[in-house]
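**Student:** Predicted coordinates and the sequence they were generated for:
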Amino acid sequence: KAGVTQTPRYLIKTRGQQVTLSCSPISGHRSVSWYQQTPGQGLQFLFEYFSETQRNKGNFPGRFSGRQFSNSRSEMNVSTLELGDSALYLCASSLVSGRVETQYFGPGTRLLVL
Amino acid sequence: GQQVMQIPQYQHVQEGEDFTTYCNSSTTLSNIQWYKQRPGGHPVFLIQLVKSGEVKKQKRLTFQFGEAKKNSSLHITATQTTDVGTYFCAGVDGGAQKLVFGQGTRLTINP
């Protein structure tokens, strides 16, 4: 099976812009979670989607949003970018939700905000 | 909210030495997972522990889950250069059903 894919892999934006990141989970996986990874804060949970519904949400401002499509692909959007949003954004898929299963991570999208 | 603390933050060892990282949760966990992230890579699942006092081994790696299900450890015997990376524990908050990651322990090895 193909692994989790994320696009784009690298992105440079300026403050105030918005960005959309995409994640395609492993075939058959219906749960998609998003994480932000920074050197200072480690891996921070953003949100989880299952069957097109947001199941869990982390402690991030409303500028961070996401959605999931009927084919389980997910997108994450960040509006009004700030310098502090520079990070590696990781998507992870798992087979089920309701009970936390193994997370299969994608390679990530490295976002740099200038 | 639930917090998962991991120590040490960094560890540098000589190849062949042992290595241990510790994970502590502020709340009781339903289970704990361990991941490894190689430099420039993404986290890769290593193992999940569910039972109180559980011990699991993967070759030179030994994972333990505390009796109170609030702490865990990963021990590597006789490190090799392929062990380089950051090791994360991730606890499952039973109430919220989401993974909370520790800060990770970055292991570097002198060959």
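**Tutor:** Perfect, thanks for sending it.

**Student:** going forward, measure contacts and count neighbours with C-alpha atoms only.
**Tutor:** Noted.

**Student:** What is the neighbour count of the residue nearest to residue A:25 when sequence neighbours are not counted?
**Tutor:** Sequence neighbours aside, residue A:4 is the residue nearest to residue A:25 in space, at 4.7 Å (criterion: C-alpha to C-alpha, 6 or more residues apart in numbering or on different chains). Neighbours of residue A:4 under the rule other C-alpha atoms under 10 Å in any protein chain shown: 23.

**Student:** Then the one 5 residues further on?
**Tutor:** The number of residues packed near residue A:9 is 15, by other C-alpha under 10 Å.

**Student:** same thing with residue A:71?
**Tutor:** Residues near residue A:71, counting by other C-alpha under 10 Å: 14.

**Student:** how near is it to chain B?
**Tutor:** 22 Å (C-alpha to the nearest C-alpha, to the nearest Å).

**Student:** Would you mind measuring from residue B:10 to residue B:104?
**Tutor:** Between residue B:10 and residue B:104 the computed distance is 8 Å (C-alpha to C-alpha, to the nearest Å).

**Student:** Between these two, which is the more surrounded one?
**Tutor:** It is residue B:104, of residue B:10 and residue B:104, that has more neighbours when counted by other C-alpha under 10 Å, with 29 against 12.

**Student:** Next up, the contacts around the nearest residue to that one once chain neighbours are set aside.
**Tutor:** The shortest distance from residue B:104 to any non-neighbouring residue, by C-alpha to C-alpha, 6+ apart, is to residue B:88 (4.4 Å). Contacts for residue B:88 were tallied using C-alpha atoms under 8 Å, 6 or more residues apart in numbering or on different chains; they are B:6, B:34, B:35, B:36, B:37, B:101, B:102, B:103, B:104, B:105.

**Student:** Chain A: which of those is nearest?
**Tutor:** residue B:103 (5.0 Å; C-alpha to the nearest C-alpha).

**Student:** if I read this right, the closest one contacts residue B:3, doesn't it?
**Tutor:** No: using C-alpha atoms under 8 Å, residue B:103 is not in contact with residue B:3, being 10.1 Å away.

**Student:** Which one of these two is surrounded by more residues?
**Tutor:** A side-by-side neighbour count of residue B:103 and residue B:3, using other C-alpha under 10 Å, places residue B:103 first with 25 against 14.

**Student:** Distance check, that one against residue B:26.
**Tutor:** From residue B:103 to residue B:26 the distance is 14 Å (C-alpha to C-alpha).

**Student:** next one: residue B:59
**Tutor:** 30 Å.

**Student:** ok, these two, which is more surrounded?
**Tutor:** residue B:26 (12 against 8).

**Student:** What parts of chain A come near chain B?
**Tutor:** Residues of chain A found near chain B (C-alpha under 8 Å from any C-alpha of the partner chain) are A:41-45, A:56, A:90, A:98-100, A:102-108.

**Student:** Find the pair from the contacts of residue B:88 with maximum spatial separation.
**Tutor:** B:6 and B:37 (14.9 Å; C-alpha to C-alpha).

**Student:** Thanks a lot, see you next time.
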